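**Student:** have a look at this prediction, sequence included:
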Amino acid sequence: MPKSKREKKVSLTQTRKKGLEFKQKIIEDVRDCVDKYARIFTFSVQNMRNVQLKTIRQDWKHGRFFFGKNSLMAVAVGKTESDEYKDNLRFLAQQLKGQTGLLFTNETKKNVLKYFDEFRVPDFARSGNQATQTVILEKGPIPDLSHAMEPQLRQLGLPTSLQRGVITLLRDFTVCEAGQTITPEQSRILKLFGHMMVDFHVTIEGMWSNNGKWQVFDERPDPLVPTKITVKGTPEFNVGASEGTGGGGPLIVPSLSF
């Protein structure tokens, strides 16, 4: 039966568009913060997690965060020398790209850099992340996983079988190679074995002071990674290098050690 021309979809919900008033309010808020706080830091977020970002906001509630709407924030501080709100804010506007935000604070540069250099929260790699290590599962029994999970492991590509009710890996299995883009299946396997490959962290990239000085920071130092870590209830992971190999060796996951 042909579709009636009079048939139309009618939405029963109504949403108000964020118009000019909303944008003007953001611009005013940003400029008020420029006047109120001594320093503005630009930052970028790696491996975005909303829960961790909320933690940082809580720790820095004495300051003010703006994250998102980069073009609007750039308009607020000024993109060129002729329209910048205060001296040299145009250089700050040039850094507002991608997942970049602004932190307004009266804290010193030393305290800000120390906090964000130390704030790293390990998390599981998601599909699309780049593998930082080569991860290998050693063959053998995996007693801590329920026998009911064996079909699921085979669907993920693991060469497993049930032997006397215990899931057994029939041969060594490479989950991922360093530098490889992680697939959904690889992400699931890493999570099942409890291996957190990525860190949520915030990188401070630049600082504007109310005296008009603009400073760009060098690449922040990476933290030292222990050569071996043990996660309770999951296989033992050697991070960075396995025994008898150099720093670029594969990461060995012994399935017999739980």
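**Tutor:** Received the coordinates, thanks.
**Student:** give me the domain ranges for the protein.
**Tutor:** Domain assignment for the chain, taken from the TED database, gives 21-122+199-216, 129-194.
**Student:** mean pLDDT lowest for which of those domains?
**Tutor:** Least confidently modelled of these is domain 129-194, at a mean of 85 by mean pLDDT.
**Student:** gap between it and the chain center?
**Tutor:** Remark: domain 129-194 is offset 24 Å from the chain centroid, using CA atoms, centre = their mean, to the nearest Å.
**Student:** this protein: helices as residue ranges?
**Tutor:** For the chain, the helices defined by DSSP state H cover 20-36, 50-59, 70-77, 89-93, 109-118, 150-155, 184-192.
**Student:** want to throw these into CSV with distance to Glu205 and mean neighbour count?
**Tutor:** (Each C-beta comes from the backbone N, C-alpha and C, glycine too.) Output for the helices of the chain, formatted as CSV (distance: least, CB to CB, whole Å; neighbours: other CB atoms under 10 Å):
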stretch, distance to Glu205, mean neighbour count
helix 20-36, 18, 14
helix 50-59, 15, 13
helix 70-77, 13, 19
helix 89-93, 10, 21
helix 109-118, 10, 14
helix 150-155, 42, 14
helix 184-192, 28, 18
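**Student:** Ile136 is nearest to which of those?
**Tutor:** Evaluated over these, closeness to Ile136 peaks at helix 184-192, with 11.6 Å, by CB to CB.
**Student:** name the helices or strands packed onto the closest one?
**Tutor:** If you count contacts as 3 or more CB pairs under 8 Å, 6 or more residues apart in numbering; DSSP states H and E, helix 184-192 packs onto strand 173-176.
**Student:** tell me which other helices or strands the strand it packs on touches.
**Tutor:** Against strand 173-176 (3+ CB pairs under 8 Å, 6+ apart) you get strand 135-137, helix 184-192.
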